[in-house]
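Colleague: Just to be clear, the model below is a prediction. Sequence and coordinates:
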4 protein chains.
Amino acid sequence: MSSKQIKVAVVGGTGYTGVELLRLLVNHPHVEIVAVTSRSEAGQPVAEMYPNLRGHIDLAFSEPRVEMLAAADVVFFATPNGTAMKMVPALLDAGVRVIDLAADFRLRDAELWQQWYGMVHACPELLDEAVYGLPEVNREAIRVARLVANPGCYPTAVQLGFLPLIGAGLAATDHLIADVKSGVSGAGRQASVGTLLCEASESMRAYAAEGHRHLPEVRQGLAIAANGEVGLTFVPHLTPMIRGIHATLYAHVSDRTADLQDMFEQRYKDEPFVDVLSAGALPETRSVKGSNMCRIAVVRPQGQDVVVVLSVIDNLVKGAAGQALQNMNIMFGFDERAGLNAVALMP
Amino acid sequence: MSSKQIKVAVVGGTGYTGVELLRLLVNHPHVEIVAVTSRSEAGQPVAEMYPNLRGHIDLAFSEPRVEMLAAADVVFFATPNGTAMKMVPALLDAGVRVIDLAADFRLRDAELWQQWYGMVHACPELLDEAVYGLPEVNREAIRVARLVANPGCYPTAVQLGFLPLIGAGLAATDHLIADVKSGVSGAGRQASVGTLLCEASESMRAYAAEGHRHLPEVRQGLAIAANGEVGLTFVPHLTPMIRGIHATLYAHVSDRTADLQDMFEQRYKDEPFVDVLSAGALPETRSVKGSNMCRIAVVRPQGQDVVVVLSVIDNLVKGAAGQALQNMNIMFGFDERAGLNAVALMP
Amino acid sequence: MSSKQIKVAVVGGTGYTGVELLRLLVNHPHVEIVAVTSRSEAGQPVAEMYPNLRGHIDLAFSEPRVEMLAAADVVFFATPNGTAMKMVPALLDAGVRVIDLAADFRLRDAELWQQWYGMVHACPELLDEAVYGLPEVNREAIRVARLVANPGCYPTAVQLGFLPLIGAGLAATDHLIADVKSGVSGAGRQASVGTLLCEASESMRAYAAEGHRHLPEVRQGLAIAANGEVGLTFVPHLTPMIRGIHATLYAHVSDRTADLQDMFEQRYKDEPFVDVLSAGALPETRSVKGSNMCRIAVVRPQGQDVVVVLSVIDNLVKGAAGQALQNMNIMFGFDERAGLNAVALMP
Amino acid sequence: MSSKQIKVAVVGGTGYTGVELLRLLVNHPHVEIVAVTSRSEAGQPVAEMYPNLRGHIDLAFSEPRVEMLAAADVVFFATPNGTAMKMVPALLDAGVRVIDLAADFRLRDAELWQQWYGMVHACPELLDEAVYGLPEVNREAIRVARLVANPGCYPTAVQLGFLPLIGAGLAATDHLIADVKSGVSGAGRQASVGTLLCEASESMRAYAAEGHRHLPEVRQGLAIAANGEVGLTFVPHLTPMIRGIHATLYAHVSDRTADLQDMFEQRYKDEPFVDVLSAGALPETRSVKGSNMCRIAVVRPQGQDVVVVLSVIDNLVKGAAGQALQNMNIMFGFDERAGLNAVALMP
């Protein structure tokens, strides 16, 4: 296992995934942060904006410039959708490896991407090369990837929950249902009325029920596992808490003899960041708050033919910055757990 | 419409449904509260336990005795399951009408009740007479009922959401799914670790996924509407907020030509407490906080054959005390809205 | 007591004080709402923006025009500071009475106002005529006022807490301390990063410790009571909840023989909206959530010479819209409690 | 600096300070946890009760027995008040060092302790030897202590805020005021109605205004610094959040020429866990959530003679488990920051 030091740059360090990445990077044993960029905040010390980082980082935000970023071994993009695709080709040309936490390289089909993201893709030729950074599926490809598309938060929770069932060919894939609940940090740090404390606390609501951008991403992943198209209904809900995703997944499993508990345990027994709970236990999102773990339970209520999978992650960690770090660890041959050992904050 | 005054007693006034009932009753134009009972708190002024009632009620808690309760026109039971059934026969004999907010008279089948509630039913002979107090289904029977079984909170939200689809024969009733999210007040006011702020806030979790007591109640109601057994998967979730239920309901509707929006609007157009939102709008629980309203939306995501219904209520109002008052209004010929006009508290 | 109907207009109905005013007005027995204005939302139905008002109000927002507003008996301004002062002179000329929920007419000294609010006052000649709408101090003047300056939220809680001590000449007025905690709704409904759920929940912080705009307003009120200048340290805190102000007030009271409990009870015994708790009880903000009540306790810890007063209100009700309605009731000879009878929502 | 491994036992591992201690200990580079005791949970795997520890600790709770604990180098007591004092003499005799997170050894005066804690002290002879574990005051004594009394949460925040002013002889010590706000985790994990989410969220209230157990502890610490008795009014408030203490401290400082900012910075410039913010910045509790840092600001509002100090900590970390670990690091010659490097979780 490697113990070298690498140089890391973060583009777009002012949003929640950016600061979360910094929170994890500053204590990573093999990382030196060489730049944190932000056009709007250039010149401001990072720790002034995020006082939790006082004493942990001395850098100021800088303008994002390719020449400067090219000095890094790996560049993370924690930018809005559509930003990374403009800089990635030049960085790859410069021999830098890239992990994009946004959606630019998650879909293989440029037209589908354009349809859901409302932009023409700037470098569709890279979509085939980009590796979808879900280590539990693509670990070996990630190891050698130049460009990793870090999965979305919902897609991480939903895919990790469905994959054992679909991989075993047990679930009817025409009518999968994913009822997902997210903390408000999933909406980011920009000022908006809908995510004010007075609007989003003490309330629960669904949104984007007609179709959320993570729907095609999940469908793509499940289709690969199922070896064919899947039918998926995906309804996200805004939940009055800061962090956490709880995915409640429903699938018809007509085979009532399958030992689902064992199947899930086997599927994930070597995974450092997927924890299948003991039979009977149900996960709560706070059990992963601040940690990179995904905890999963599988239940067959009343012995019927509908199976329920419960999957929880911290949307900012396993659903974003932590998974990005896990990918980095794989790409550079570090212990996959390096910098990701923190215990969830509970209570 | 009647404008007479009636005498009202509340048995078990110390829990959340009890105090919510008092909150509504003290401002009801036709009600005189003659007794609020509590064995454990007998002698204590009600407003000392619940300071929000200071200036609104002068009574102290008293011991529950049938002779005293018999002086009321109607007695509400806001007691734990299994309490009302011990006193109701005597009260009915005394000519008092009863509204039970607990589960004692909700299921028609005494054996099923025993199986889910773990007690032998004390007066199974009353189960046929008891009217299930969902006004949107049983208004005429409620009007003349001696004994009303006030529905559970989840069953209210779920049935009001599913009924238009099932009543119209559109939904496949073998695989209905109800993913329901409740605020913590649904768990009541008793001291317990699981509902401490430090355990239940900033977290989301499913519970009773194997089978919740409200499952047979919902199944019974839907089966009546469907004229036959229904298959239902029902997963409740504890949500970090005080009040509110958000039911997200999934059903296969193979007929893709049906105008679901219109069907829902027609079904509830005369209902004072069901509000079908305009097409495109989705409900949030805070829009009914403190009010007796149920707000509903129906969506067919991506034009597929799975229909999603979103139904929100305040679990303590339309899901408990408010619906009980609505039933009382119907039973005594008052304006159905009397005492229930308050606007939801928002923000 | 009057039972006539009056015509009411609300200027600036889209913020939190505006919608709260509408929540209370729609159920007021003597009020007809004739207009709700908003430049930015003109044309949109009010209940579309605030779904809690669905079924309670049919109006759409309209442009604010003096001619139209002049048809009302009273106009409420729920606008940002500096808006009302531009329209009030014309409205008064037209014979309309005005209640301003913003700060335009709260300070008697136009220079002081300019210093704290950063604007030249548009009609300083009205500052003398304007009545400071704290009914517990100025009830008789309010009754005949053309123009009422509705107090700020902090000033209401702080003054009601300090007044009995200062009025009795017991407190040393050179070193009063007001440590005040407010829910986030005090910051209004505009999009801003600092009041996002992810920034303001699960945290506590002071702000404006150097000097908050409510400082001169409180000082002015206390100076009138003290018949001389007062020294006041005033530190506001942002508290992770939607509604509520908790004022913790500290004063030196060298006379250790005074019966403070009795003094507070006597001072407020005829007040419909000030509730002095029983000795030993301490108030909590949720006991006034959604209600117009101020609840107060007075304590002398360890029998020392520092007295602590605890005063709680709902910042949007007694701290804004409810107090405005109370003022309206006084101005038009209605029962002072009309439309303000709702019990606080608890839990 | 030492890099040896030590054996650590935790007595009373089921409460919030216990699990927080385990959260920190499992990742400490020099610690091997040899026992976690709990009478009530003996036999249960620790990680079953606290799923955040799954994969981090394999121990089960065991019965607390002196013989077994004597095998440790240091024993932490995370027990209710009055428990440690019964076992500590035997452990000291066995050559084990002890850090008590409860109050048993915090007060030097056994009678005062009995008065506030309602128990006769079991080993008053140890009160003189016990070192009060506030490293910023007693670092050298801690280094060689056999028995460390870990400070209370409020006393940590209040003393760190007041000490620079008092140490410099600037504050009038006869009328100090500490208005302190605590998250609910300070009340512990036992089931109780007052700390249910439905009782404690969306509300703010003072408690124990007459006199809180932390009052004599703070007074004792400040008196040592002041070289004489101090007058202190101390009012704690329950704040609707899980973690965090915000102390707002008021003192008369008649010398208006003192450079308070510089004085605070100088006082704490070598402290690894006290961070004096830049002039003008105010601390928020979330900036220390999950971390051992205390952040402080000092303000002189309006240039008057009342100085305000704002001091925030995480009550479970710097206010309990983290400070205990800091003390352990000092006692065993480790880097004082070992195991305490985590960045606060924000958002």
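Modeller: Nice, I can see it.
Colleague: C-alpha only now, for contacts and for neighbours.
Modeller: Fine.
Colleague: For the stretch 201-347 of chain A, what lies in contact range of chain D?
Modeller: Applying CA under 8 Å from any CA of the partner chain, we find that the stretch 201-347 of chain A lies next to chain D at A:242, A:287-288, A:290, A:341-347.
Colleague: Who are the packing partners of whichever strand or helix holds A:Ala90?
Modeller: If you go by DSSP states H and E, A:Ala90 is part of helix A:84-93. Counting contacts by 3 or more CA pairs under 8 Å, 6 or more residues apart in numbering or on different chains; DSSP states H and E, helix A:84-93 packs against helix A:66-69, strand A:97-100.
Colleague: Can you pull out the low-pLDDT segments for the stretch 151-300 of chain A?
Modeller: Flagging of the stretch 151-300 of chain A using pLDDT under 70 yields an empty set of residue ranges.
Colleague: which residues in it form helices?
Modeller: Listed in chain order, the helices of the stretch 151-300 of chain A (DSSP state H, counting those that start in this stretch) span A:153-167, A:197-200, A:214-226, A:260-268.
Colleague: Could you identify the helix or strand that succeeds the helix or strand encompassing A:Gln115?
Modeller: Under the assignment given by DSSP H and E, the secondary-structure element containing A:Gln115 is helix A:110-117. For helix A:110-117, the following helix or strand on the C-terminal side (DSSP H and E) is strand A:131-132.
Colleague: Could you pull up the mean pLDDT of that following strand?
Modeller: Averaging pLDDT along strand A:131-132 gives 98.
Colleague: circling back: pick out the most distant pair among the residues of the stretch 201-347 of chain A next to chain D.
Modeller: With distances taken as CA to CA, the most widely separated pair in those is A:Ile242 and A:Asn341, at 21.2 Å.
Colleague: Near chain B, which residues of the stretch 151-300 of chain A? Just list them.
Modeller: Taking CA under 8 Å from any CA, the part of the stretch 151-300 of chain A that reaches chain B is made up of A:175, A:179, A:198-199, A:201-207, A:209-211, A:233, A:239-246, A:282-286, A:299-300.
Colleague: Out of these, which end up buried?
Modeller: Applying a neighbour-count criterion of 16 or more other CA atoms under 10 Å in any protein chain shown, the buried members of these are A:175, A:179, A:198-199, A:201-207, A:209, A:211, A:233, A:239-246, A:282-286, A:299-300.
Colleague: Using a markdown table, lay out the helices and strands packed on helix A:84-93 together with mean pLDDT and distance to D:Trp113.
Modeller: Formatted as a markdown table, the helices and strands packed on helix A:84-93 follow (pLDDT from 0 to 100; distance: least, CA to CA, whole Å):
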| stretch | mean pLDDT | distance to D:Trp113 |
| --- | --- | --- |
| helix A:66-69 | 95 | 61 |
| strand A:97-100 | 98 | 58 |
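Colleague: and those, which is most packed in?
Modeller: Across the helices and strands packed on helix A:84-93, the average number of neighbours (mean count of other CA atoms under 10 Å in any protein chain shown) peaks for strand A:97-100, which reaches a mean of 26.
Colleague: A:Thr195 and C:Leu197 touch, don't they?
Modeller: Yes. With contact defined as CA atoms under 8 Å, A:Thr195 counts as touching C:Leu197 (6.1 Å).
Colleague: In terms of neighbours, single out the busier of these two.
Modeller: Neighbour count, other CA atoms under 10 Å in any protein chain shown: between A:Thr195 and C:Leu197, C:Leu197 has more, with 28 against 25.
Colleague: So the residue lying closest to the more buried one once chain neighbours are set aside versus C:Gln190, what's the distance?
Modeller: Residue nearest to C:Leu197 in three dimensions, not counting chain neighbours: A:Leu197, with 3.7 Å by CA to CA, 6 or more residues apart in numbering or on different chains. In this structure, A:Leu197 and C:Gln190 are separated by 11 Å, where distance is defined by CA to CA, to the nearest Å.
Colleague: cool, A:Glu111 as well?
Modeller: Computed as CA to CA, the A:Glu111 to C:Gln190 distance reads 37 Å.
Colleague: Looking at the stretch 51-200 of chain A, which residue is nearest chain D?
Modeller: When distances are taken as CA to the nearest CA, the stretch 51-200 of chain A reaches nearest to chain D at A:Asn52, 4.8 Å away.
Colleague: which phi and psi does that residue have?
Modeller: phi -60, psi -20 (degrees, to the nearest 10).
Colleague: How about the contacts made by the closest residue to it other than its chain neighbours?
Modeller: When the adjacent residues along the chain are set aside, A:Asn52 lies closest to D:Ser287, with 4.8 Å between them (CA to CA, 6+ apart). In this structure, D:Ser287 makes contact with A:50-52, D:344-346, judged by CA atoms under 8 Å, 6 or more residues apart in numbering or on different chains.
Colleague: ok, so of those residues, who is nearest chain C?
Modeller: Chain C has its nearest neighbour among the contacts of D:Ser287 in D:Met346, at 8.3 Å by CA to the nearest CA.
Colleague: how about the closest one, phi and psi?
Modeller: With angles defined as degrees, to the nearest 10, D:Met346 shows backbone torsions of phi -150, psi 110.
Colleague: Tell me the pLDDT of it.
Modeller: Model confidence at D:Met346, given as pLDDT, is 96.
Colleague: follow-up on the earlier one: check which residues of the helix holding A:Gln115 are buried.
Modeller: Of all the residues in helix A:110-117, those buried under the rule 16+ other CA under 10 Å are A:110, A:113.
Colleague: got the angle between it and helix A:214-226?
Modeller: What separates the directions of helix A:110-117 and helix A:214-226 is an angle of 140 degrees, with axes from the mean of the first three to the mean of the last three CA atoms, to 10 degrees.
Colleague: what residues does helix A:110-117 touch?
Modeller: The list of residues contacting helix A:110-117 from outside it, by CA under 8 Å, 6+ apart, reads A:81, A:107, A:119-121, A:124, A:127, A:213, A:216.
Colleague: how close does the spatially closest residue to A:Ser254 that is not a sequence neighbour get to chain D?
Modeller: Taking CA to CA, 6+ apart, and ignoring the residues beside it in sequence, A:Ser254 has A:Asp305 as its nearest neighbour in space, at 5.3 Å. Computed as CA to the nearest CA, to the nearest Å, the A:Asp305 to chain D distance reads 29 Å.
Colleague: Any of the contacts of D:Ser287 buried? List them.
Modeller: Under a neighbour-count criterion of 16+ other CA under 10 Å, the subset of the contacts of D:Ser287 counted as buried comprises A:50-52, D:344-346.
Colleague: where do the strands sit along the stretch 151-300 of chain A?
Modeller: Assigned by DSSP state E, counting those that start in this stretch, the strands in the stretch 151-300 of chain A fall at A:176-182, A:205-206, A:232-238, A:245-252, A:274-276, A:294-299.
Colleague: Need the winner for burial among these.
Modeller: When neighbours are counted by mean count of other CA under 10 Å, the highest per-stretch mean among these falls to strand A:245-252, a mean of 27.
Colleague: Brilliant, that's me finished.
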